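*Asks:* quick one: sequence plus predicted model below, questions after.
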Amino acid sequence: MSGTSILVYAERVGGNLGEIEKLLAGALKDFDGIHVLPFFHPYDGDDAGFDPIDHTIVDPRLGTWADFKRISATHELTADLIVNHASNLSPEFLDWQEKGDASEYAGMFLTFDKVFPNGGSEKDITSFYRPRPGFPFTAYEVAGERRLVWTTFMPSQVDIDIEHERGMDYLKRVLEALKSGGVKVVRFDAVGYAVKTPGTDSFMTKETLEFVKEITDLIHSYDMRVLVEVHAHYTQQLEIAPLVDLIYDFQTAPLLLHSLFTGTVDRLADWFKIRPNNCLNVLDTHDGYGVIDGGPIGGRPGLITQDEMAHIFDVAEKNTAGHSAIASVVPQWFTLPHQINATLPAIVNDDDAYVLMRAVQFFLPGEPQVYYVGLLNGMDDKELFEKTGQGRDVNRHHYTPQEIEKALTQPVTQAIIALARLRKHPAFEGSFSWETTGQSSMSLGWVNGQNELHLRIDTAKPTFEIESLGPFKTSNYQGFRELASY
């Protein structure tokens, strides 16, 4: 299996699972897997499904587990295990709110006193790393008493005590539902925040890594693979990679933009020297286009500098006619946005450069995954952004079946699909090598016996060429229009 996949929201790609099933049987049949972002009840909560009221059922507006079982018969299915939190409207939380210690779910949710049994100082509390402004807890009424409940992300997302048996019982119930629905890969969402350890920033600590090991063993017992999502300093990615089956490569994305916007490949080469092989190869995602993952964090130098990060944002702002600067958000803990809220085709603003990036993504060791908006060569949905005020919505367009059919005819989209087809070439079962061939150029290659594939890129022009040698197929593809014919 070549391990290529697409990343979708069920409600935004045709409106339901039935439309996705048709695409996987037709135009997108060359992809091997699919990750459907939270489809649980409800998929349209406060955080686009990442705040499930019921994490064990498919929202009936999208379909049923039977739809997923059919999809999983032909494609590897990935789904989220939201490790850190549940909804404040979940039956478990409401029952605890009503009954307190008499609830069968007492202990499932993390309260302030669990982390600070002797009270927390100002330094203790403010040291916690949080991705959003404000404090990481919310006052809730529980059995007639005001309690401080940890809410790392939003007040409606109540944190689970993963060290309590009730918390683990909850996660096991979710895993059993995913397993029965045909899920083969479990993605840990927000696992970096799940363990609270006083005296640290509680993000990706050694205690977090221990928890990742334990829950990975649990998921393996269900015969499922583990994918971990961590937006962090690149050294933390290297630490967690050996513990799981797949780790996101969030570093290649900003480094490719740096290469294209400066006409250099040296920073990209620095990453390739140490990059793990068990990566999920991504560029754009539902969370925007990450930049901080390649930069300095917590005083540690990055693969690119803060000034080089700023340059990426400046060029993106120019290429999007100023809109990316409007939609992107500067977090409380940094002086730049940590991601660009725009679609990748809009950020790059050049079809040749865009497909060059996709070609690198598909040639690297690991498992390439393409976000649905990028696959369909989508531009910023400014209307949706104006309606919701959420910056990420510019990259979360709701595609009708008719829009999808039209988008699939674009040469850029056809070229990306061709890369998924090319990834089945026998050369990819062999050995990988790469080299820099100039200040702005690089070659990536795969050799398996007599079968060879070579990708040559020049980020200054920008141009790319794919050469195939051997008995399987011998041909060259220069640019995305020729590649679309593969």
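*Replies:* All right, it came through fine.
*Asks:* how much space between the residue nearest in space to the middle of the chain and residue 42?
*Replies:* The centroid of the chain falls nearest to residue 285 when counting by CA atoms, centre = their mean (5.4 Å). To residue 42, residue 285 is 22 Å away according to CB to CB, to the nearest Å. Just so you know, the C-beta spots here come from the backbone N, C-alpha and C atoms, and that holds for glycine as well.
*Asks:* that older thread, quick one: residues contacting the residue nearest to the centre of the chain.
*Replies:* Neighbouring residues of residue 285 by CB atoms under 8 Å, 6 or more residues apart in numbering: 7, 371.
*Asks:* repeat the analysis, applying 6 Å as the threshold.
*Replies:* Applying CB atoms under 6 Å, 6 or more residues apart in numbering to residue 285 gives the contacts residue 371.
*Asks:* hang on, residue 443 in a strand?
*Replies:* Yes - judged by DSSP: H, G, I helix; E, B strand; the rest coil, residue 443 forms part of a strand.
*Asks:* wait, it sits on residue 437?
*Replies:* Yes - with contact defined as CB atoms under 6 Å, residue 443 reaches residue 437; the gap is 5.4 Å.
*Asks:* quick one: which of these two has more around it?
*Replies:* residue 443 (17 against 13; other CB atoms under 10 Å).
*Asks:* distance of the more buried one from residue 278?
*Replies:* 23 Å.
*Asks:* would you list the phi and psi of residue 87?
*Replies:* Phi and psi for residue 87, reported as degrees, to the nearest 10, are phi -80, psi 150.
*Asks:* partner residues bridging it?
*Replies:* The partner list for residue 87 in beta bridges (DSSP bridges) reads residue 157.
*Asks:* also residue 188?
*Replies:* Taking DSSP bridges as the rule, residue 188 bridges to residue 81, residue 228.
*Asks:* which residues does it contact?
*Replies:* Residue 188 touches 81, 83, 228, counting by CB under 6 Å, 6+ apart.
*Asks:* quick one: pLDDT of the last one?
*Replies:* Residue-level confidence at residue 228 comes out at 94, pLDDT.
*Asks:* check the gap between it and residue 152 for me.
*Replies:* 17 Å.
*Asks:* again, but for residue 82
*Replies:* For residue 82 relative to residue 152 (CB to CB), the value is 12 Å.
*Asks:* same question for residue 160.
*Replies:* Counting by CB to CB, the gap from residue 160 to residue 152 is 10 Å.
*Asks:* helix, strand or coil: sort out the closest residue to residue 203 other than its chain neighbours for me.
*Replies:* In space, and not counting its chain neighbours, residue 203 is closest to residue 129: 3.9 Å by CB to CB, 6 or more residues apart in numbering. Secondary structure, three-state DSSP: residue 129 is coil.
*Asks:* same question, residue 481
*Replies:* helix.
*Asks:* quick check: it touching residue 411?
*Replies:* Yes - using CB under 6 Å, residue 481 makes contact with residue 411 at a distance of 5.3 Å.
*Asks:* out of those two, which sits in the more crowded spot?
*Replies:* Applying other CB under 10 Å to residue 481 and residue 411 shows that residue 411 carries more neighbours, namely 18 against 15.
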